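A.B. asks: Coordinates only, no sequence provided:
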C-alpha cells in the first residue's frame, strides 16, 4: 500500500498525508482535526505501513534502535550471558517509545556476520545501534562510526582512528577488591586462571589482579593461564599449582571455576578447606556445585538501560561527542575464601 493510496482514499493530497503520518503538523503545515482523523482512519483501513528506508533517506527518525553483534545472541555456549543486557535494553527502549531491531540477516555463507553484507548497511533501517559481544571487525566498526551513524558499545571498546561511546563495567576495581580480600585472609600466593584470548574485559580483570599483587609486594607469585581452553585444567594441573605454593585461585569466569572444582573432586580436595577460590563474574555454569561463591556481580541490566540512554542522548544532540560511562560491580564476599591451609596432602 502506497502513500498515494491513502491520499486518494482520504480525498487529500499526498503532502497532507505525509504531514499527518510523520507528525509534522504545526506553524507551517496546518490541517484541520477532521482531516487529520480522516487521514489516520484511511491509513488504518488500508493497513498502510511507512517505507522506513525512504524515511531514513529523507532524514527523518524511525524510532528504531538496532542491536548488532558479530556472534549469535542465543548460543548455548554463551550460557545466556547476553540475556540480562538485552532485558535492560528492552526495558529502556520500551520506556522511551522506541522499537528494537535485531539484525540477524547479516550472516554470510562463511558463518561470519558483517555490517556491510553485500555492500548494504542494514543498520541504517534504525536511527542508531547498540553493538554488543566480544567478537568484532575493527575495520567495519571504524567505518560505521566514520559514517556518523550513532553507535553505542556495550562494554569498553576503543579503536585507534575514531572516538567511541560505550557503557562498561569497572572490572579493574572489582578484581582489585576481590584480590585485596583474598590477601586480607592471609594468602600471598594467589593464582589467576584465565585464557589466552585478548579482549578488554579479560585484560582489565588481569590488570586489576596484577596491580594489586604488585602493590602488596607479591608480584613474583603471579598467575598461570590455560594454554588454549578451560578443558586443559585437570587434576594434574591443579596439583602442580598447589605444590608450587598456590593457596588461592581467582578464576576469570565460572567455566574455568567449574574445571578447577571437578579437578579438586578428583583429588579428594575440599573448598575452601584445601584452597580458596573466587570468580570474576560472568554467566553461571551448568553442573557447577552451588557454593556461596566469592565473586562480583556485573551490573548487566543497568548497562543495557544506560546504553540506550546514551544512544538517545546522541540522537537528540546536534554535536558530535562521545559518551563513556563505567559502572561499579557489586562485590559478594561468599564462603569460598578462607584462611590458607597449613599444608596440601
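C.D. replies: On my side now, so go ahead. Every value quoted in this text rests on a predicted model; they were computed, and no experiment measured them. Numbers count the residues shown, from 1 in each chain.
A.B. asks: Going by C-alpha atoms from here, please, whenever you check contacts or count neighbours.
C.D. replies: Noted.
A.B. asks: Burial check on the residue lying closest to residue 170 once chain neighbours are set aside, number of neighbours?
C.D. replies: Leaving aside its chain neighbours, residue 170 sits nearest to residue 328 (5.3 Å; criterion: C-alpha to C-alpha, 6 or more residues apart in numbering). Neighbour count for residue 328, taken as other C-alpha atoms under 10 Å: 16.
A.B. asks: Next, residue 328: phi, psi?
C.D. replies: Dihedral angles of residue 328 (phi, psi; degrees, to the nearest 10) stand at phi -70, psi 150.
A.B. asks: Distance check, it against residue 178.
C.D. replies: When distance is defined by C-alpha to C-alpha, to the nearest Å, residue 328 is 13 Å away from residue 178.
A.B. asks: Let me know whether the residue nearest to residue 170 touches residue 175 as I believe.
C.D. replies: No. Under the criterion of C-alpha atoms under 8 Å, residue 328 makes no contact with residue 175, lying 11.2 Å away.
A.B. asks: other SSEs contacting the one helix or strand residue 20 maps to?
C.D. replies: For residue 20, the host element (DSSP states H and E) is helix 14-21. Using 3 or more C-alpha pairs under 8 Å, 6 or more residues apart in numbering; DSSP states H and E, the elements in contact with helix 14-21 are helix 3-10, helix 33-45.
A.B. asks: Let me see the confidence value for residue 14.
C.D. replies: Residue-level confidence at residue 14 comes out at 80, pLDDT.
A.B. asks: residues contacting it?
C.D. replies: Neighbour list for residue 14: 3, 4, 6, 7 [criterion: C-alpha atoms under 8 Å, 6 or more residues apart in numbering].
A.B. asks: I'd say the first one and residue 17 touch.
C.D. replies: Yes. The pair residue 3 and residue 17 passes the contact test of C-alpha under 8 Å, sitting 7.2 Å apart.
A.B. asks: Looking at the two now, which is surrounded by more residues?
C.D. replies: Neighbours were counted for residue 3 and for residue 17 using other C-alpha under 10 Å; residue 17 has more, 26 against 18.
A.B. asks: Contact partners for that one?
C.D. replies: If you count contacts by C-alpha under 8 Å, 6+ apart, residue 17 has them with 3, 6, 7, 39.
A.B. asks: Top of the residues you listed by number of neighbours, please.
C.D. replies: The most crowded member of the contacts of residue 17 is residue 6, carrying 26 neighbours; neighbours defined as other C-alpha under 10 Å.
A.B. asks: so where do the helices sit in the stretch 201-345 of the chain?
C.D. replies: According to DSSP state H, counting those that start in this stretch, the stretch 201-345 of the chain carries its helices in the segments 235-243, 254-267, 300-316.
A.B. asks: so how far is the first one from its chain's centroid?
C.D. replies: For helix 235-243, the separation from the chain centroid amounts to 34 Å (computed by C-alpha atoms, centre = their mean, to the nearest Å).
A.B. asks: Report all helices and strands that it contacts.
C.D. replies: Under the contact rule (3+ C-alpha pairs under 8 Å, 6+ apart), helix 235-243 is packed against helix 254-267.
A.B. asks: Pull the residues that contact the helix it packs on.
C.D. replies: Residues outside helix 254-267 that contact it (C-alpha under 8 Å, 6+ apart): 193-194, 230-231, 233-235, 238, 251, 270, 279-285, 287-288.
A.B. asks: just the buried members of those?
C.D. replies: Buried by 16 or more other C-alpha atoms under 10 Å: 193-194, 230, 233-235, 238, 251, 279-283, 285, out of the contacts of helix 254-267.
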